[in-house]
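Visitor: The following comprises the amino acid sequence and a computationally predicted model.
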Amino acid sequence: MRTTENKSACCPAGTGHCPFLNAGTACTAEIRMFRALPDKSQHELRAAASVRTCGRDEILFEEGSSIDAIIVIRKGKVKLCHLEPSGDEFVLDILHEGQAIWHDIFLKDHLYHYAGICLEETEVCLFSRDRYMHILETEKDAALSLIAMLNTELTAAKEKAVLLSIRDPEIRLAGFMLEQDSRNAGREIHMSLEDIAASIGIRPETVSRNMMKLQRKKLITRVRRGVLKVTDRAALLEMVQRETPDE
């Protein structure tokens, strides 16, 4: 495992641009929580940013550690998890490239209430929390955009709570696969059996058994170990909607 951090890699001297460019656009313009900021403020964030690279299974941050930065995943995957006193791990989320870890930056204690673990070699940009909070105080449009993001996140949290309330493990797994398919824009889903089990609160052997049921129905396919793909989204959606009718 290895960790490297480059204090200037995110904004090489004299350029004012992140190396992770998309058609010549600085990365902050592609990140939802930053895109409403004026160019000057985006440049200010990039100028103080750094890049960190971590190896597979390496801890990006520990539960209880101080939140000093907004973390944007530029490559790889990060598991957000909480360890129960019993020793059981509860997976809160699996984040992919382009997603950000930012939800707890507004908490009074400024501490992570979960850990971040890299599931593969991962590269992240670290943007100063203090600098971002200062910018929000003067940029009304950015603050309003952030409120809209929070509303979206609350809706997603409600949907996750509904999913976890489903007692039938096959339906619960189907709902989870739909969620992951949406987040991956129809691409392959890279998750281990154990991480799926920890994400939806059922045992790995139960996940395996019901995964086989969904495969036999041709709703999903196992590409290879730890890699899945939804093959019939409409049928999965119909299955879940029968169990969770509209309110």
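Guide: Received, thanks. Numbering: from 1, shown residues only.
Visitor: So which residue is dead centre in the protein?
Guide: When Cα atoms, centre = their mean is applied to the chain, the residue found nearest the centroid is residue 95 (2.4 Å).
Visitor: Enumerate every residue touching the nearest residue to residue 37 once chain neighbours are set aside.
Guide: Of all residues not flanking residue 37 in the chain, residue 142 sits nearest, at 5.0 Å (Cβ to Cβ, 6 or more residues apart in numbering). C-beta: built from backbone N, CA, C; applies to glycine. Neighbour list for residue 142: 34, 36, 37, 41, 135, 136 [criterion: Cβ atoms under 8 Å, 6 or more residues apart in numbering].
Visitor: Burial check on residue 231, number of neighbours?
Guide: Other residues near residue 231 come to 15 when the count uses other Cβ atoms under 10 Å.
Visitor: What is the neighbour count of the closest residue to it other than its chain neighbours?
Guide: The shortest distance from residue 231 to any non-neighbouring residue, by Cβ to Cβ, 6+ apart, is to residue 221 (5.1 Å). Residue 221 has 14 neighbouring residues, counting by other Cβ under 10 Å.
Visitor: Please tell me I have it right and residue 221 contacts residue 228.
Guide: Yes: if you go by Cβ atoms under 8 Å, residue 221 and residue 228 touch, sitting 7.1 Å apart.
Visitor: Helices of this protein, residue ranges please.
Guide: Along the chain, the segments classed as helices by DSSP state H run 39-47, 129-136, 140-165, 169-183, 193-200, 204-216, 233-243.
Visitor: And those, which one averages the lowest pLDDT?
Guide: Comparing mean pLDDT across the helices of the chain, the lowest value falls on helix 140-165: a mean of 74.
Visitor: now that one, how far from the centre of its chain.
Guide: Relative to its parent chain, helix 140-165 has a centroid offset of 13 Å by Cα atoms, centre = their mean, to the nearest Å.
Visitor: Now it: buried residues?
Guide: Buried positions in helix 140-165, judged by neighbour count with 16 or more other Cβ atoms under 10 Å: 142, 145, 146, 149, 160, 163.
Visitor: For the second one, give me its contacts.
Guide: If a contact means Cβ under 8 Å, 6+ apart, then residue 145 has 32, 33, 35, 36 as its contacts.
Visitor: and the gap between the spatially closest residue to the last one that is not a sequence neighbour and residue 34?
Guide: Right, residue 36. In this structure, residue 36 finds its nearest non-sequential neighbour in residue 145, 3.9 Å apart by Cβ to Cβ, 6+ apart. Between residue 145 and residue 34 the distance is 9 Å, computed by Cβ to Cβ, to the nearest Å.
Visitor: Equivalent analysis for residue 211, please.
Guide: Residue 211 is 38 Å from residue 34, where distance means Cβ to Cβ.
Visitor: more neighbours, these two?
Guide: residue 34 (24 against 18).
Visitor: List just the one of the helices of the chain that sits closest to residue 79.
Guide: helix 193-200 (6.5 Å; Cβ to Cβ).
Visitor: relative to helix 204-216, how tilted is the closest one?
Guide: Going by axes from the mean of the first three to the mean of the last three Cα atoms, to 10 degrees, helix 193-200 is angled at 100 degrees with respect to helix 204-216.
Visitor: quick one, phi psi at residue 192?
Guide: Main-chain dihedrals, residue 192, degrees, to the nearest 10: phi -80, psi 160.
Visitor: quick one, what contacts the nearest residue to it once chain neighbours are set aside?
Guide: Excluding its sequence neighbours, the residue lying closest to residue 192 (Cβ to Cβ, 6+ apart) is residue 226, at 5.1 Å. When contacts are counted by Cβ under 8 Å, 6+ apart, residue 226 touches 190, 191, 192, 193.
Visitor: can you list the domain ranges for the chain.
Guide: Taking automatic domain parsing as the domain assignment, the ranges for the chain are 3-148, 160-243.
Visitor: need those domains in JSON lines with distance to residue 154, can you?
Guide: Listed next are the domains of the chain as JSON lines, based on distance: least, Cβ to Cβ, whole Å:
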{"stretch": "domain 3-148", "distance to residue 154": "11"}
{"stretch": "domain 160-243", "distance to residue 154": "11"}
